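J.: Here is a sequence together with a model predicted from it:
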Amino acid sequence: DQQVKQNSPSLSVQEGRISILNCDYTNSMFDYFLWYKKYPAEGPTFLISISSIKDKNEDGRFTVFLNKSAKHLSLHIVPSQPGDSAVYFCAASANNNDMRFGAGTRLTVKP
Amino acid sequence: EAGVAQSPRYKIIEKRQSVAFWCNPISGHATLYWYQQILGQGPKLLIQFQNNGVVDDSQLPKDRFSAERLKGVDSTLKIQPAKLEDSAVYLCASSLVYEQYFGPGTRLTVT
């Protein structure tokens, strides 16, 4: 059962523009959401997270938005840089257990 | 701070053979996770340890997969016997609280 869905397998953006990666979830018990970034031949690296009690968390060029009523979260990268090109995974957990991941979105930032 | 270590990085075996993977988490991280990532999908949690106790192994195929973390530090994941569909990257992660830190993974190919 896919409790976390990333419906866009790929996204291409011009350098300097905004990248918006989307994620939907079905389990209303999820209380913590994370974004991970993955380069080829490496494990995922933690990028940014948000608790269900918040609707926005910002860290430099990265901002995560959470819409609990729509069960939707998004990651905004502004401005996008070529080094941001990677696969981005959305993840969610309930009570810090059973982390579920989406299938990932491959972001390509063109110079 | 040293990251999560995994070995081997690559393994090729024939179906019905056995294989074992090793993980050394970040020092001080009580929680350790094993994930299976099949090509084109997000990581799927196989088992979660808190110190040396199992917190969640609901998605572990227990007829062929086993894992242990005897002293609450290192962990091994074993597959016996392997099937073709076990071909995947096996990721180990550890955490203090919510954010999980991943190792580079072991790419298993079953022929």
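T.: Everything's here; your move.
J.: Give me the sheet partners of the host helix or strand of residue B:45 and which way each runs.
T.: Using DSSP states H and E, residue B:45 sits within strand B:44-50. Strand B:44-50 has its sheet partners listed here by DSSP bridges as strand B:31-37 (antiparallel), strand B:53-56 (antiparallel).
J.: ok, and which of those has the densest surroundings?
T.: strand B:31-37 (a mean of 24; mean count of other Cβ atoms under 10 Å in any protein chain shown). Just so you know, the C-beta spots here come from the backbone N, C-alpha and C atoms, and that holds for glycine as well.
J.: Let me see the contact set for residue 79.
T.: As the question left the chain open, I've gone with chain A. By Cβ atoms under 8 Å, 6 or more residues apart in numbering or on different chains, the contact set of residue A:79 is A:15, A:16, A:17, A:18, A:61.
J.: nope, chain B please
T.: Counting by Cβ under 8 Å, 6+ apart, residue B:79 makes contact with B:18, B:19, B:20, B:64, B:65, B:86, B:108.
J.: how about 7 Å then?
T.: Under the criterion of Cβ atoms under 7 Å, 6 or more residues apart in numbering or on different chains, the neighbours of residue B:79 are B:18, B:19, B:64, B:65, B:86.
J.: what does residue A:17 give?
T.: Taking Cβ under 7 Å, 6+ apart, we find residue A:17 in contact with A:79, A:80.
J.: buried residues in stretch B:101-111?
T.: Neighbour counts over stretch B:101-111 (16 or more other Cβ atoms under 10 Å in any protein chain shown) mark B:101, B:102, B:103, B:104, B:105, B:106, B:107, B:108, B:110 as buried.
J.: if we can go back for a sec, got the contacts of residue A:79 as a markdown table, with secondary structure and pLDDT columns?
T.: Putting the contacts of residue A:79 into a markdown table (DSSP: H, G, I helix; E, B strand; the rest coil; pLDDT from 0 to 100) gives the following:
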| residue | secondary structure | pLDDT |
| --- | --- | --- |
| A:15 | coil | 97 |
| A:16 | coil | 97 |
| A:17 | coil | 97 |
| A:18 | coil | 98 |
| A:61 | coil | 98 |
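J.: For those, give me a markdown table that also has distance to residue A:105.
T.: A markdown table is the format used below for the contacts of residue A:79 (distance: Cβ to Cβ, whole Å):
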| residue | distance to residue A:105 |
| --- | --- |
| A:15 | 18 |
| A:16 | 20 |
| A:17 | 16 |
| A:18 | 15 |
| A:61 | 17 |
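J.: Give the bridge partners for residue B:110, please.
T.: Judged by DSSP bridges, the bridge partners of residue B:110 are residue B:13.
J.: contacts for the helix or strand of chain A with the lowest mean pLDDT?
T.: Sorted by mean pLDDT, DSSP states H and E, the helices and strands of chain A end with strand A:97-101, the least confident at a mean of 88. The contact list for strand A:97-101 (Cβ under 7 Å, 6+ apart) reads A:3-4, A:89, A:91-93, B:42-43, B:45, B:48, B:55-56, B:100.
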